[in-house]
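1. give me coordinates for this.
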Amino acid sequence: MLSLSDTTAVVAALRAAGCVFAEDEAELILATARTLDELATMVARRTTGQPLEHVLGWAGFHGLRVLVEPGVFVPRRRTEFLVGEALAQARDASVVVDLCCGSGAVGAALAAALGDAELHAADIDPVAVGCARRNIAPFGGHAYVGDLFDALPAALCGRVGILAANVPYVPSGEVGLLPAEARDHEPLVALDGGGDGLDVLRRVAAGAPEWLAPGGCVLVETSERQAGAAVEAFAAAGLTARLTVSEELFAHVVIGVRERDQR
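-> A predicted model of the protein is given here:
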């Protein structure tokens, strides 16, 4: 029988279920569980393959504890690189949009770093938007349900300093190859990027110039093999585009800038 101090038993249960980082996960679960029943439930959920972040109810991201509800895309550590690149590109941004926001982790991290930016987040998934609304509320953020730019208030046109879009970029034919944690417990709409994985990215690139302020930037995460095509999509939309890479996080971020003299 488990106890709230029985690290050994929790580690053994997690290891038997194939959890690679059983010791670390056990520590987090034990620190989160408030009762023995809650501990047993959390261990059972994790050992049946649910993502650790869904079990805990939160994920660490860019120094924040972000709420993550079941059925919501789990923010990845590599996406912290996108946040850092956005801040490096537009540290003086006064309006931030987190598109395809999922839990709202990116928007919350940007707002926390910028201090007093106006924050808006949108996603096509109502469950994600409900979660994001809770995460961005401390920063005065607003969250909307809808398909990309259609969800945003028209008053934001031409005012956005940072447009962060953590778009889905897994090719449809490869979704079935994802780890079961993602494939079975995260929404398909947050993973499936279409035939070559770039369908949503191209739509974001095409629409971004209308929404960006002069000098504003749009950033998306993509894979190494898709990076060239993603840069081309940004350039085709009239943006000044470049690729940035973190070897440590194996992260690839494409940045597009609306030049200040661009009409």
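
2. quick check: Leu110 vs Arg65, distance?
-> To Arg65, Leu110 is 16 Å away according to C-beta to C-beta, to the nearest Å. For every residue, glycine as well, the C-beta is placed using N, CA and C.

3. out of the two, which sits in the more crowded spot?
-> A direct count of neighbours by other C-beta atoms under 10 Å for Leu110 and Arg65 places Leu110 higher, at 27 against 13.

4. hey, where'd the helices end up in the protein?
-> Secondary structure of the chain (DSSP state H): helices at 7-16, 22-32, 36-47, 52-56, 80-89, 105-114, 126-136, 180-185, 199-211, 227-236.

5. buried deepest among the ones you listed, which one?
-> helix 105-114 (a mean of 26; mean count of other C-beta atoms under 10 Å).

6. Pro168: what's it in contact with?
-> Applying C-beta atoms under 8 Å, 6 or more residues apart in numbering, we find Pro168 in contact with 100, 189-193, 197, 200.

7. kindly recompute the last result at 6 Å.
-> Counting by C-beta atoms under 6 Å, 6 or more residues apart in numbering, Pro168 makes contact with 190-193, 200.

8. and the pLDDT at the residue lying closest to Gly216 once chain neighbours are set aside?
-> Nearest in space to Gly216, with sequence neighbours left out and distances taken as C-beta to C-beta, 6 or more residues apart in numbering, is Gly161 at 4.8 Å. On pLDDT, Gly161 comes in at 98.

9. distance check, Gly161 against Ser94.
-> Distance from Gly161 to Ser94, by C-beta to C-beta: 6 Å.

10. look at the two and report which has more neighbours.
-> Gly161 (24 against 14).

11. isn't that one up against Leu212?
-> No. If you go by C-beta atoms under 6 Å, Gly161 and Leu212 don't touch, sitting 7.9 Å apart.

12. name the nearest residue to Arg134, ignoring sequence neighbours.
-> Closest to Arg134 by C-beta to C-beta, 6+ apart is Leu67, at 5.5 Å.

13. confidence score at the one you found?
-> We have a pLDDT of 97 for Leu67.

14. so who does it touch?
-> 58, 134-135.

15. and what of Val231?
-> By C-beta under 6 Å, 6+ apart, the contact set of Val231 is 241, 243, 254.

16. quick check: pLDDT value at the last one.
-> What it means is Val254. 98.

17. hmm, Thr240 is touching Ile255, no?
-> No. Using C-beta under 6 Å as the test, Thr240 is too far from Ile255 to be in contact (8.6 Å).

18. returning to that earlier point: relative to Tyr169, which of the contacts of Leu67 is nearest.
-> Tyr169 lies nearest to Asn135 out of the contacts of Leu67, by C-beta to C-beta, at 22.4 Å.

19. how far away is that closest one from Arg258?
-> Distance of Asn135 to Arg258, computed by C-beta to C-beta: 27 Å.
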